[in-house]
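**Student:** Sequence and predicted model, in that order:
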Amino acid sequence: MELTYASYLELESLLGLQNPRSDPPEHDEMLFIVIHQTYELWFKLVLHELDRLKTELSAGDLFGSIATLKRVRTVVKTLVSQVDILETMTPMSFSSFRDRLDKASGFQSVQFREVEFALGYKRPETLKYYNPSMPGYDRLVARLHERSVLDHFLDFLETQGVAIPAEARAREATAPAESSEAIEEAIFRLYKTRPDVAILLELMTDFDEGMQEWRYRHVKLVERTIGNKKGTGGSLGVEFLKNTLFRPFFADLWAIRHRL
Ligand code: HEM
């Protein structure tokens, strides 16, 4: 059969995947499903791009890394602005179908956790919240054991003549990234002497800031929609989410900004 727009994009399957659970149907449940599915598609692209970024960083490919980071940074900005759409849903409207979600929650998003792991925020203990029979569990475990973007960033720094301290290399792949004064010093020097590399460092900072913006917008979305109710995932809700704010992925990049 001739390839068409619909067959290439598998639109019949894609458009058959929005199945509200409320009966009679609550109008806004469609928005709730579409927006979450859209986020998951963007998470998929972010992971795809971060995989490419890792290869580019290790190869010392500065322009490739810049181009890829520009793309993921732009996707993240879109993730942030999309919160506006969901904020058109009132608390009353959400209450009308919230109980249909049972215990389902964004907390169980495997891809979101994969993004965190890929960026070096490794927390093996989060695995206990996922059932090993859940789709994507194996992928998440694999991400936990994979080298993160930050590990590949060290490779990049090495290609630029930076001596990487042995302890930064010796870290277990499953351990969270740690700050390093030696790396901060190297980043500071690159900022001062390499305007081309500074573009990459600024894009990494943009991306990191974007991820923090997303967390903030999500907390405020949750607060305006459910107030101080508990989450469907069983957490304290807003109180729990507030503790995730202002935590950068690339801490060494933020640590030196006052010196620039
Ligand atoms: C009315 C809209 C929303 C409400 C009320 C809401 C509520 C919550 C709550 C209360 C939590 C904490 C875990 C829990 O106990 O459930 C949470 C976590 C989470 N939500 Fe949402 N959420 C909403 C929309 C979204 C959207 C659109 C996304 C996009 C994917 C999303 C992704 C996440 C993620 C990834 C987490 C885990 C965050 C972390 O562990 O740092 N949420 N959400």
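**Tutor:** On my side now, so go ahead.
**Student:** Can you name the residues of the stretch 1-150 of the chain that neighbour the ligand?
**Tutor:** Within the stretch 1-150 of the chain, the positions adjacent to the ligand are Ile35, His36, Tyr39, Leu86, Phe94, Ser105, Gly106, Phe107, Ser109, Phe112 by Cβ under 6 Å from any ligand atom. Heads up, the C-betas are built off the backbone N, CA and C, glycines and all.
**Student:** Find the pair from those with maximum spatial separation.
**Tutor:** Longest distance between any two of these is 20.2 Å, between Phe94 and Phe112; criterion Cβ to Cβ.
**Student:** follow-up on the earlier one: in ChimeraX, how would I select just the buried ones from the residues of the stretch 1-150 of the chain next to the ligand?
**Tutor:** Typed into ChimeraX, the line below selects the buried ones among these, using 16 or more other Cβ atoms under 10 Å:
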select :39,86,94,107,112
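**Student:** just checking, which of the residues of the stretch 1-150 of the chain next to the ligand belong to helices?
**Tutor:** With helices taken from DSSP state H, the overlap with those comprises Ile35, His36, Tyr39, Leu86, Phe94, Phe112.
**Student:** so the last one makes contact with Ala118?
**Tutor:** No. With contacts defined as Cβ atoms under 8 Å, Phe112 does not count as touching Ala118, sitting 10.7 Å away.
**Student:** Which one of the ones in helices among the residues of the stretch 1-150 of the chain next to the ligand is nearest to Glu29?
**Tutor:** Looking across those and measuring by Cβ to Cβ, the closest to Glu29 is Phe94, at 9.2 Å.
**Student:** nearest spatial neighbour of the closest one, skipping sequence neighbours?
**Tutor:** Spatial nearest neighbour of Phe94, chain neighbours left out: Thr225 (5.3 Å); criterion: Cβ to Cβ, 6 or more residues apart in numbering.
**Student:** check contacts around that neighbour.
**Tutor:** Counting by Cβ atoms under 8 Å, 6 or more residues apart in numbering, Thr225 touches Glu87, Met89, Pro91, Phe94.
**Student:** so which strand or helix has it?
**Tutor:** helix 195-226 (DSSP states H and E).
**Student:** Can you name the element that comes right after that helix?
**Tutor:** From helix 195-226, the next helix or strand downstream (DSSP H and E) is helix 238-242.
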